[in-house]
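Participant: Kindly return the folded structure for what I paste below:
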Amino acid sequence: MRKHILFCLTVFAFIQTYAQEYRDKDFIGSVNYISIPLVNVRFRYLFPYNGDSDKDWVLKNKIKKISYLRKGELEQTTQYLEDGNEAEITFKSGARFKASKDKDLLTGKSYQNDREISTKWQQFDPGGRLVEIREQYSESPEITVMKIYYSDGRVVKTESFLNNKIQQKYDVFYEKNLLTQYISTHLSANRKPGQTREFENIVYRYDQNNNCISIENKHSFGEITSSHYFKYDDKNNLIQENYILDVGPGTTKKEGTIQYTYDNLRRATKVVEVRDGKKSIAEIHYGENNKVKSITVTGDKDSYSSYFPIAFYFEKMKTVYDFKYDHKDNLIEYIAMTNGNLDNKAQYIIEYY
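Facilitator: Take a look at the predicted model:
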């Protein structure tokens, strides 16, 4: 299961990376489903650095090192090579990742309290594109391999292998430079009689302005379906999303609606989500250079938000996020206060080349 999750995350990361037209915009959030930016915001970028940072952002900003502190305690330090790849990551828990590069081969080793856990090799082509990932755990003879294939500068297929035997493949389809379909096929998994080998099949549809109007997903070998439907205004701003998730045997269906409001600069200023009669509201305030200054999120008891970590909050809540940036407009601090109490204080000490 751990290896499968790794492969899936890698594939989705590729899909997002190749959404070329969105790379250089100042996003704060996006619809958080299958990595397609539908709103002129990407909230996940308000909470960066403590996970994998976007390589393009690291390279563009010439990031050398980021130290992440939570409530004043050092949680993680990440150092980067000048080409944007991670050179070393050190965690509070004692885990550590260290990488070295020799021409087009990046070799990384993971440690726990100085005990080697695994080795990962990443092979790049002469143009700098990642074409193969190999990984082996220190106490196992098994080697997992992912091969990545490109066409017209985009990832169109990946294949994963275990000991040279293919396990899964992922196919990505485009029409007129738009992502139209993603298929995950499991070639080694046990199936029920008559069950498809397609673990996931996602279809994207667009209007005449190339706005995505629906994302329909059949997953869990075709037994479960999830659907998102989107509406836009005459300026191509997303104003409403309706979703129906996890329809199928053994699941609990979830239905919701998200509405978006914008200011005269086409910046998202309010996001209202209603699921099962419970409402959450996010109000977004901007400061200098179009950077988000603060966000206030209020929610009913047991409300849900696709963007903010308020799921399973068992009382009526109000969270206020305040943000600070450095001289390059990169986030260096946010403070979250929930119902008047400190929920989190995150600080990012950024060093540049």
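
Participant: So which elements touch the helix or strand residue 135 falls within?
Facilitator: Per DSSP states H and E: residue 135 is located in strand 130-137. Secondary-structure packing of strand 130-137 (3 or more CB pairs under 8 Å, 6 or more residues apart in numbering; DSSP states H and E): strand 115-124, strand 143-151. Heads up, the C-betas are built off the backbone N, CA and C, glycines and all.

Participant: Please name the strands paired to the last one in the sheet, noting orientation.
Facilitator: Based on DSSP bridges, the strands next to strand 143-151 in the sheet, each with its direction, are strand 130-137 (antiparallel), strand 154-162 (antiparallel).

Participant: What residues of that strand count as buried?
Facilitator: By neighbour count on 16 or more other CB atoms under 10 Å, the buried set for strand 143-151 is 144-148, 150.

Participant: what about residue 320, which SS state?
Facilitator: strand (DSSP: H, G, I helix; E, B strand; the rest coil).

Participant: Now do it, the pLDDT please.
Facilitator: At residue 320, the model reports a pLDDT of 90.

Participant: That one contacts residue 294, correct?
Facilitator: Yes - between residue 320 and residue 294 there is a contact under CB atoms under 8 Å: 6.5 Å.

Participant: ok, residues contacting the strand holding residue 135?
Facilitator: Strand 130-137 is contacted from outside by 6, 10, 117-125, 142-148, 150, using CB atoms under 8 Å, 6 or more residues apart in numbering.

Participant: any weak-confidence spans in the chain?
Facilitator: Applying pLDDT under 70 to the chain flags residues 1-54, 189-196, 222, 308-314.

Participant: From residue 174, how far out is residue 151?
Facilitator: 9 Å (CB to CB, to the nearest Å).

Participant: Where do the helices of the stretch 1-150 of the chain begin and end?
Facilitator: 2-17, 55-61 (DSSP state H, counting those that start in this stretch).

Participant: For stretch 175-182, buried residues please.
Facilitator: Going by 16+ other CB under 10 Å, stretch 175-182 has these buried residues: 179, 182.

Participant: okay, it in PDB with CA atoms only?
Facilitator: C-alpha atoms of stretch 175-182 as PDB (Å, rounded to 0.1, in the frame of the first residue of the first chain):
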ATOM      1  CA  GLU A 175      -6.900  17.300 -26.400                       C
ATOM      2  CA  LYS A 176      -6.000  20.800 -27.600                       C
ATOM      3  CA  ASN A 177      -3.600  21.100 -24.700                       C
ATOM      4  CA  LEU A 178      -6.300  20.300 -22.100                       C
ATOM      5  CA  LEU A 179      -6.200  17.400 -19.700                       C
ATOM      6  CA  THR A 180      -9.200  15.200 -20.700                       C
ATOM      7  CA  GLN A 181      -8.600  11.800 -19.100                       C
ATOM      8  CA  TYR A 182      -6.500  10.000 -16.500                       C
END
